[in-house]
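J.: Quick one, structure for this:
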Amino acid sequence: MINAPPTDDHVIVEAQVRDYGFSPAQQVEIWRRWREGQSFSLIGRALGAPMQHARRFLYQSGGVSLTPHTRSERHLSGSEREEISCGIAAGEAAGQLAKRLGRSPSTVSREIARNGGRDRYRAASADAIAYERGLRPKQARLAQRPALRALVEAKLALCWSPEQIAGWLRRQFPGDATIQISHEAIYLSLYDPRRRQAIDHSLTQRLRSARPMRRPKIARRPTGRGIIRGMVCITDRPAEVEDRKVPGHWEGDLVMWAPGPRPSPRSSSAPAATRPSLRCRTASRLSR
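T.: Just a heads-up that it's a prediction; the model follows:
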């Protein structure tokens, strides 16, 4: 279970994570292989587990790693705050405390100022507040701003991508920071189970991939599919083609004709000089 801070509208919720028989070490290994772009079958074989178990384990989190909250070594620890409290009682200056703790004087000064000053500083309460302040995720931006949420949902329903939505908002409302959001925040609101109540989760079906879970970036790299090998750019044609006066040059197009439920390919060829058109139906778009 990943705990999240409670909110009034319950936008951030606790995410129940099943282990599906995987040990903590195996779960870490699953996420590592997932971030490398490995398939469910490869992950399952590497761990000696059914592919379906690996898929369900990742599916429950929407492809977003739900890491437990840990305190960074860069932040003040509880024992350091006790030292600060004792130093304040002894009348030590912030600079002296910082030198003894091996911290920057500004770090100690900010710590004292944000927790009531020298007269009201208490180590236990300061440590508890710092822990709550560092909890993630924070309340989703779309949950805080209903007008922004309505705009985002409307554009997603029109099959706009989060990148398009974020760019459109910047152009339409350049001076209004309350109607701005990054595309990454939209993706997290759609896929992160701790944020899903911030937006209509069914709108993932309106994305171009229509996937119920997010794929790692390395798995979305180009694979070469749909790329013509040895393709010659149209700008590299000889200049004599432009005026269409020299016989022998042909122009061709492939059109996907869709009079019914399934489109069928049609090829069109025409001599550049005389322009009579020849059209035929091909077996597939890959036909030569």
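J.: How are the strands of the protein distributed by residue range?
T.: With DSSP state E as the criterion, the chain has strands at 250-257, 264-271, 278-281.
J.: Residue 92 is nearest to which of those?
T.: Ranking the strands of the chain by proximity to residue 92 (C-beta to C-beta) places strand 250-257 first, at 77.2 Å. From N, CA and C alone the C-beta is placed, and that goes for glycine too.
J.: quick one: strands adjacent to the closest one?
T.: strand 264-271 (antiparallel) (DSSP bridges).
J.: So which of the strands of the chain has the densest surroundings on average?
T.: strand 264-271 (a mean of 15; mean count of other C-beta atoms under 10 Å).
J.: I'd like the mean pLDDT over that one, please.
T.: Strand 264-271 shows a mean pLDDT of 76.
J.: Now for the nearest residue to residue 118 once chain neighbours are set aside: which residues touch it?
T.: In space, and not counting its chain neighbours, residue 118 is closest to residue 88: 5.2 Å by C-beta to C-beta, 6 or more residues apart in numbering. By C-beta atoms under 8 Å, 6 or more residues apart in numbering, residue 88 lies in contact with 97, 112, 118, 121.
J.: where does the chain dip in pLDDT?
T.: 1-17, 66-69, 136-137, 196, 218-227, 258-263, 272-288 (pLDDT under 70).
J.: can you rerun that using 50?
T.: For the chain, the stretches with pLDDT under 50 are 1-14.
J.: just checking, residue 22 touches residue 56?
T.: No. In this structure, residue 22 is not within contact of residue 56 by C-beta atoms under 8 Å, at 10.5 Å.
J.: Which one's more surrounded, those two?
T.: residue 22 (17 against 13; other C-beta atoms under 10 Å).
J.: where's the more buried one relative to residue 61, distance?
T.: 13 Å (C-beta to C-beta, to the nearest Å).
J.: now do residue 200
T.: 19 Å.
J.: Contact partners for the closest residue in space to residue 164 that isn't next to it in sequence?
T.: Excluding its sequence neighbours, the residue lying closest to residue 164 (C-beta to C-beta, 6+ apart) is residue 155, at 7.3 Å. Residues in contact with residue 155 (C-beta under 8 Å, 6+ apart) are 164, 165, 168.
J.: cool, and residue 99?
T.: residue 105.
J.: returning to what we had before: which residues are in contact with both of residue 22 and residue 56?
T.: Counting by C-beta under 8 Å, 6+ apart, residue 22 and residue 56 have no contacts in common.
J.: separation between the closest residue to residue 163 other than its chain neighbours and residue 172?
T.: Excluding the flanking residues, the one nearest residue 163 by C-beta to C-beta, 6+ apart is residue 183, at 4.6 Å. Noted for residue 183: a distance of 15 Å to residue 172, by C-beta to C-beta.
J.: For those two, work out which one has more neighbours and name it.
T.: residue 183 (14 against 10).
J.: correct me, but that one touches residue 160?
T.: No. Applying C-beta under 8 Å, one finds residue 183 not in contact with residue 160, separated by 10.6 Å.
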